[in-house]
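Visitor: here are the coordinates; sequence isn't available:
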């Protein structure tokens, strides 16, 4: 059985779009599902492939297609697609040295995947629906009540904002259609008009579409939080053994294929949609929102909480926050715990994620309690005044000092590692890489351990990834 044959049809659809280099938001728009649903299907793909990130999955799937192909064109297309969108729309790194920069993309893309799993939508004319899970006999059954009609009048303005955003986006589309570069044709099946933008027109509309999807997602998150605060659902029960916990969790995950699917939403007579032009499809497509998405999101959150509960007991938030403050050199840095997520660059490892007021993220490996990644929240590539710009030699020294201070392994391994330098605009990357060792047969065979520091030209550290300290 090939890697593709073990995937369901919907997982295959997601995998094919993944190989085209599309972000989660773009995949959601093409398949007309929520971003959460895409994340769930990706998590199922990762589990079946035995990987922890979209990059690893893309490499395995691309290699599968390569073996089935008679030429090299498919390989080039798959890898090019991967390079176009490292992870959820982030900017690409220069491909002047393809392999080197591919590794930089892999190193820079930290997975923010959250499993999308929900329990229950059933048709009823009553005000509430009681959903009983039919599960294996040794797993306890939990009854959860879900209202079929919105409990929240205060959420209506949120939907109005989404409609308004869709209207403003549509106005921009129509203006570009009248004045920009566009090709108009007919759908041979439906007879509907299809129009594709070209060149700069496509770039402008694609950027506006991405902005609309991001704003819609932010408003949906607010809607979901209001909905959950009113609903106050009962958390899932913990089973009596780790084996039963896993069986229960797997059972819940199987239900999500139906409950967070387009087919399920189409049957929901109360589902609300908004039409938005998709520049890659060339036509207007309905996007779901409101209670339909909120229910899916709520149970996704609940199941994620069920999944991470054992890991939460291993986290010392006070100690983690104190360590981050010490490393950053700011004793007053305000931090809050956000979630637990798999580490994209370390198979099977999970990290506690903390966020500061600027949106910067700090990843603490749960097993070792070490800081393994920093992602500063910087828009684009900030301009650095010439009087603040440092030389490459100065930046190299800053990177090396930071790396040696925060890694227990680098000082011993430094002479055995491959050292690389690169830059993208005024961001400079310094990397110590262990890929020159044979990692076949280990969890590191796809992504060998490495340490990378990214610095702005003024000396400010904006990214840090360290998996060297995770090897035994």
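Guide: Cool, got the structure. All of these numbers come straight from a predicted model, not from anything done at the bench.
Visitor: Three-state assignment for residue 250, please.
Guide: Classification of residue 250 using DSSP: H, G, I helix; E, B strand; the rest coil returns helix.
Visitor: Distance check, it against residue 259.
Guide: 15 Å (CB to CB, to the nearest Å). Just so you know, the C-beta spots here come from the backbone N, C-alpha and C atoms, and that holds for glycine as well.
Visitor: Who has more neighbours out of the two?
Guide: A side-by-side neighbour count of residue 250 and residue 259, using other CB atoms under 10 Å, places residue 259 first with 22 against 11.
Visitor: My guess is that one contacts residue 293. True?
Guide: No. Using CB atoms under 8 Å, residue 259 is not in contact with residue 293, being 11.7 Å away.
Visitor: Spit out the residues that contact the two alike.
Guide: Counting by CB atoms under 8 Å, 6 or more residues apart in numbering, residue 259 and residue 293 have no common neighbour.
Visitor: Could you pull out the strands in the stretch 151-300 of the chain for me?
Guide: 182-186, 193-197, 272-278, 283-289 (DSSP state E, counting those that start in this stretch).
Visitor: Other residues contacting the first one?
Guide: Just to be clear, that refers to strand 182-186. 176, 192-198, 201.
Visitor: Of those, just the buried ones, ChimeraX syntax please.
Guide: Buried residues among these (16 or more other CB atoms under 10 Å), as a ChimeraX selection:
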select :176,196,197,201
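Visitor: wait, residue 459 sits on residue 399?
Guide: No. The pair residue 459 / residue 399 is not scored as a contact, 9.5 Å apart, by CB under 8 Å.
Visitor: okay, the contacts of strand 182-186 in CSV with distance to residue 334 and pLDDT next?
Guide: Output for those, formatted as CSV (distance: CB to CB, whole Å; pLDDT from 0 to 100):
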residue, distance to residue 334, pLDDT
176, 42, 92
192, 51, 84
193, 51, 88
194, 50, 91
195, 48, 91
196, 46, 93
197, 43, 92
198, 47, 90
201, 43, 90
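Visitor: In TSV, list the contacts of strand 182-186 along with distance to residue 226.
Guide: Compiled in TSV, those are given as follows (distance: CB to CB, whole Å):
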residue	distance to residue 226
176	35
192	36
193	38
194	38
195	37
196	38
197	36
198	41
201	38
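Visitor: any idea which of the contacts of strand 182-186 is the one closest to residue 263?
Guide: Nearest to residue 263 among the contacts of strand 182-186, counting by CB to CB, is residue 192 at 22.0 Å.
Visitor: Contacts only, for that closest one.
Guide: Per CB under 8 Å, 6+ apart, neighbours of residue 192: 186, 283.
Visitor: quick one: it from residue 185, how far?
Guide: In terms of CB to CB, residue 192 sits 10 Å off from residue 185.
Visitor: Remind me which helix or strand residue 459 belongs to.
Guide: Counting by DSSP states H and E, no helix or strand carries residue 459.
Visitor: phi, psi of it?
Guide: Main-chain dihedrals, residue 459, degrees, to the nearest 10: phi 100, psi 0.
Visitor: Same drill for residue 459 and residue 399, tell me which one is more crowded.
Guide: residue 399 (24 against 16).
Visitor: give the contact list for the more buried one.
Guide: Per CB under 8 Å, 6+ apart, neighbours of residue 399: 428, 430, 453, 455, 461.
Visitor: Is it possible to get JSON lines of these that adds distance to residue 300, pLDDT and secondary structure?
Guide: Compiled in JSON lines, those are given as follows (distance: CB to CB, whole Å; pLDDT from 0 to 100; DSSP: H, G, I helix; E, B strand; the rest coil):
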{"residue": "428", "distance to residue 300": "38", "pLDDT": "92", "secondary structure": "strand"}
{"residue": "430", "distance to residue 300": "38", "pLDDT": "95", "secondary structure": "strand"}
{"residue": "453", "distance to residue 300": "34", "pLDDT": "94", "secondary structure": "strand"}
{"residue": "455", "distance to residue 300": "36", "pLDDT": "93", "secondary structure": "strand"}
{"residue": "461", "distance to residue 300": "34", "pLDDT": "90", "secondary structure": "strand"}
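Visitor: Between these, which sits nearest residue 18?
Guide: After measuring the contacts of residue 399 against residue 18 - CB to CB - the closest member comes out as residue 453, at 28.6 Å.
Visitor: Leaving out the residues flanking it, which one is nearest to the closest one?
Guide: residue 399 (4.1 Å; CB to CB, 6 or more residues apart in numbering).
Visitor: Name the residues of the host helix or strand of that neighbour that come out as buried.
Guide: Per DSSP H and E, residue 399 falls inside helix 392-406. Across helix 392-406, burial judged by 16+ other CB under 10 Å covers 395-396, 398-400, 402-403, 406.
Visitor: Break this structure down into its structural domains.
Guide: 9-108, 128-302, 317-470 (automatic domain parsing).
Visitor: Mind pulling up the pLDDT for residue 124?
Guide: At residue 124, the pLDDT value in this model is 31.
Visitor: same question, residue 202
Guide: 91.
Visitor: Check which helices and strands the helix or strand hosting residue 15 sits against.
Guide: In this structure, residue 15 sits in helix 9-19 according to DSSP H and E. On a contact count with 3 or more CB pairs under 8 Å, 6 or more residues apart in numbering; DSSP states H and E, helix 9-19 meets helix 24-31, helix 35-49, helix 54-68, helix 73-84.
Visitor: Relative to the whole chain's centre, how far out is it?
Guide: 15 Å (CA atoms, centre = their mean, to the nearest Å).
Visitor: And it, what's buried?
Guide: 10-19.
Visitor: Check stretch 349-367 too.
Guide: So stretch 349-367, judged by 16+ other CB under 10 Å, has buried residues 349-356, 360-366.
Visitor: Now the two most distant members of those.
Guide: 349 and 356 (22.7 Å).
Visitor: The residue nearest to residue 453 and residue 430, how far apart?
Guide: Distance from residue 399 to residue 430, by CB to CB: 4 Å.
Visitor: Pull up the overlap in contacts between the two.
Guide: Common neighbours of residue 399 and residue 430, using CB under 8 Å, 6+ apart, are 453, 455.
Visitor: Contact partners for the nearest residue to residue 284 once chain neighbours are set aside?
Guide: Of all residues not flanking residue 284 in the chain, residue 275 sits nearest, at 4.6 Å (CB to CB, 6+ apart). Neighbour list for residue 275: 166, 170, 284-287 [criterion: CB under 8 Å, 6+ apart].
Visitor: if we go to 7 Å?
Guide: With contacts defined as CB atoms under 7 Å, 6 or more residues apart in numbering, the neighbours of residue 275 are 166, 284, 286.
Visitor: residues contacting the first one?
Guide: The one in question is residue 166. Contacts of residue 166 (CB under 7 Å, 6+ apart): 212, 274-276.
Visitor: okay, it: pLDDT?
Guide: 92.
Visitor: follow-up on the earlier one: which two from the contacts of residue 166 end up farthest apart in space?
Guide: 212 and 275 (11.6 Å).
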